[in-house]
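Visitor: requesting a structural model of the entry that follows:
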Amino acid sequence: MLDMKFVRTNPDLVKENIKKKFQDEKLVLVDEVLALDKEYRDAHVRCDYLRNQRNVISKSIGMMMAHGERDKAEEAKAQVSAMAKEMEELTARETELEGEIRKRMLVIPNIIDPSVPIGKDDSENVEIERFGEPVVPDFEIPYHVDIMERLSGIDLDSARKTSGNGFYYLMGDIARLHSAVLSYARDFMIDRGYTYVVPPFMIRSAVVDGVMSFAEMENMMYKIEGEDLYLIGTSEHSMIGRFMNTFTDEDKLPLRLTSYSPCFRKEVGAHGIEERGVYRIHQFEKQEMIIVCKPEDSMKLYNELWQNTVDFFRSLDIPVRTLECCSGDLADLKVKSCDVEAWSPRQQKYFEVGSCSTLGDAQARRLGIRIKNKEKGNYFAHTLNNTVVAPPRMLIAFLENNLQADGTVRIPEALRPYMGFKDHIG
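Guide: Okay, here's the model as predicted:
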């Protein structure tokens, strides 16, 4: 959410930013917000004036009574009463206007970084850099579910009966591989100085409103019926929510945290849940990283975050590339974002396995996440997030890139301690 003062003084810049995101239908919101803001400030000024006048007149009533000016005193009392009634109406209107302003401000997109390429959708994202040599072996790479089934590692039919499409049973060495990747990711991030956290897997609506846009919420989150609770779509939601309405000493920043959680997503409006496959599903587990920092440090730390994911995948011998998200592919709260994509030898192309974002102070402003500074005064923090790894999607990349000609799957050296020191499965 933008600062109202910024919108008030830079309406043309805000509108230009909306155009860059190809959301012209939101242009009218800027003018509506400015009109509502003016009415709110006028009401506030009028209320302050009335309060001051009421206090002056109230003090004079006693003097009038003392001088026997009863009629004038009664007239003054009537004035005070009328002022009190108008102030009550103005206060109610202020509250109403605050709500209307916030409702619109939550929908106006954040100002994107100047480095973000302009484009309508993900088809116009821009490749930044490749890491590792993408290899296509001289033998056929089966579909990832076929690899898993040959290893007795997945049961989609039973999951379809118990839960529907978008769910799965992982078994045997594939289930162990799934857990091993998460355990390795945890230790990988701890070794890089991040504090490990297991957060709540449900959050209240106030946190949901703070961490994401309404459109994202509708397309992603499952609500618990009859309760003010939502299942998280990523641990970023509850991790950022942890700092709601807090003040953090400047000298304690940046806060580097890595968190494990299951994730639940409706995937409404996505490319569809697969009948067979675990690329797009309703339930998965993930290791995440988030940072809370000073504004001047956010871009440097943004680069640190995506590099962590690149290094993690390269440690497992998986080629990856980074892809700069264009303006039209950025969620409304994001300032800048890049995807990390893994190489698929079967498809001979890259696919998304992680997303890194800096959100500026948008989440902090919504949730009241402030930094304490005695000299400059308190100010809003910047928040960032990135995926370390999200199996089972990551398992697709792992299995395809480590499959051998004889049908076994090689275990990279870094992962062997988490797999009973096996060097292969199958």
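Visitor: show me what Phe247 is bridged to.
Guide: Following DSSP bridges, Phe247 is listed with bridge partners Arg370.
Visitor: burial of it, as a residue count?
Guide: Close neighbours of Phe247, defined as other Cβ atoms under 10 Å, add up to 14. In short, each C-beta sits where N, CA and C put it, glycine included.
Visitor: I'd guessed it sits against Asn373; true?
Guide: No: with contact defined as Cβ atoms under 8 Å, Phe247 does not count as touching Asn373 (9.9 Å).
Visitor: tell me the contacts of Glu413?
Guide: The contact partners of Glu413, by Cβ atoms under 8 Å, 6 or more residues apart in numbering, come to none.
Visitor: how near is it to Asp317?
Guide: Distance, Glu413 to Asp317, using Cβ to Cβ, to the nearest Å: 9 Å.
Visitor: repeat for Ser235
Guide: Distance of Ser235 to Asp317, computed by Cβ to Cβ: 27 Å.
Visitor: neighbour-wise, which of those two wins?
Guide: Ranked by neighbour count (other Cβ under 10 Å), Ser235 and Asp317 place Ser235 first, with 27 against 16.
Visitor: please identify the helix or strand for the residue lying closest to the more buried one once chain neighbours are set aside.
Guide: Among residues not flanking Ser235 along the chain, Ser261 sits closest, at 3.7 Å (Cβ to Cβ, 6 or more residues apart in numbering). Secondary structure from DSSP states H and E places Ser261 in strand 255-264.
Visitor: give the pairing partners of that strand; include direction for each.
Guide: Its sheet considered, strand 255-264 pairs with strand 195-197 (parallel), strand 283-293 (antiparallel) by DSSP bridges.
Visitor: got TSV for these, with distance to Ile240, mean pLDDT and mean neighbour count too?
Guide: Below are these laid out as TSV (distance: least, Cβ to Cβ, whole Å; pLDDT from 0 to 100; neighbours: other Cβ atoms under 10 Å):
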stretch	distance to Ile240	mean pLDDT	mean neighbour count
strand 195-197	12	98	13
strand 283-293	6	97	23
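Visitor: you'd agree Leu2 is up against Leu106?
Guide: No: with contacts counted by Cβ under 8 Å, Leu2 stays clear of Leu106, the gap being 9.9 Å.
Visitor: which of these two has more residues huddled nearby?
Guide: Legend: neighbour count by other Cβ under 10 Å for Leu2 and Leu106, higher for Leu2 (21 against 18).
Visitor: three-state assignment of that one?
Guide: Using DSSP: H, G, I helix; E, B strand; the rest coil, the structure places Leu2 in coil.
Visitor: so how far is Val292 from it?
Guide: 19 Å.
Visitor: the stretch 301-426 of the chain: helices as residue ranges?
Guide: 362-367, 393-402 (DSSP state H, counting those that start in this stretch).
Visitor: now swap in the stretch 51-200 of the chain and tell me
Guide: 70-105, 144-150, 156-162, 172-191.
Visitor: can you list the buried residues in the last one?
Guide: Going back to what we said before, that points to helix 172-191. 173-174, 176-178, 180-186, 188-189 (16 or more other Cβ atoms under 10 Å).
Visitor: repeat that for the second one.
Guide: Applying a neighbour-count criterion of 16+ other Cβ under 10 Å, one finds His144, Val145, Ile147, Met148, Glu149 buried in helix 144-150.
Visitor: who's in contact with the residue sitting furthest away from the middle of the chain?
Guide: Distance to the chain centre peaks in the chain at Gly68, reaching 67.7 Å (criterion: Cα atoms, centre = their mean). With contact set as Cβ under 8 Å, 6+ apart, Gly68 has no partners.
Visitor: tell me the pLDDT at it?
Guide: Gly68 is assigned 79 on the pLDDT scale.
Visitor: and it, how far is that from Asn401?
Guide: 98 Å.
Visitor: please apply the same query to Asp332.
Guide: The gap separating Asp332 from Asn401 is 35 Å, by Cβ to Cβ.
Visitor: can you put the helices of the stretch 51-200 of the chain in CSV and add distance to Pro11?
Guide: Formatted as CSV, these follow (distance: least, Cβ to Cβ, whole Å):
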stretch, distance to Pro11
helix 70-105, 13
helix 144-150, 50
helix 156-162, 52
helix 172-191, 42
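Visitor: give the contact list for the residue nearest to Thr246 when sequence neighbours are not counted.
Guide: Nearest non-adjacent residue to Thr246, counting by Cβ to Cβ, 6+ apart: Ile369, 6.2 Å away. The contact partners of Ile369, by Cβ under 8 Å, 6+ apart, come to Ile240, Phe243, Met244, Asn245, Thr246, Thr248, Val292, Gln363, Phe380, Ala381, Thr383.
Visitor: of these, just say which sits nearest to Val7.
Guide: Taking Cβ to Cβ as the measure, Val7 lies nearest Phe380 of these, at 15.3 Å.
Visitor: hmm, Met202 is touching Ile224, no?
Guide: Yes: using Cβ under 8 Å, Met202 is in contact with Ile224, at 6.8 Å.
Visitor: these two: which has the busier surroundings?
Guide: The residue with more neighbours, out of Met202 and Ile224, is Met202; 18 against 10, by other Cβ under 10 Å.
Visitor: for the stretch 251-400 of the chain, give me the ranges with low pLDDT.
Guide: 268-275 (pLDDT under 70).
Visitor: what ranges do the strands span in it?
Guide: Applying DSSP state E, counting those that start in this stretch to the stretch 251-400 of the chain gives strands spanning 255-264, 283-293, 320-324, 336-344, 349-358, 369-372, 379-380, 382-389.
Visitor: name the stretch among these that sits most buried.
Guide: For those, the largest average neighbour count (mean count of other Cβ atoms under 10 Å) is found in strand 382-389, namely a mean of 27.
Visitor: so which elements touch that one?
Guide: helix 172-191, helix 235-241, strand 283-293, helix 298-315, strand 349-358, helix 362-367 (3 or more Cβ pairs under 8 Å, 6 or more residues apart in numbering; DSSP states H and E).
Visitor: format those as a markdown table; extra columns: distance to Val126.
Guide: A markdown table is the format used below for the helices and strands packed on strand 382-389 (distance: least, Cβ to Cβ, whole Å):
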| stretch | distance to Val126 |
| --- | --- |
| helix 172-191 | 27 |
| helix 235-241 | 24 |
| strand 283-293 | 23 |
| helix 298-315 | 14 |
| strand 349-358 | 13 |
| helix 362-367 | 23 |
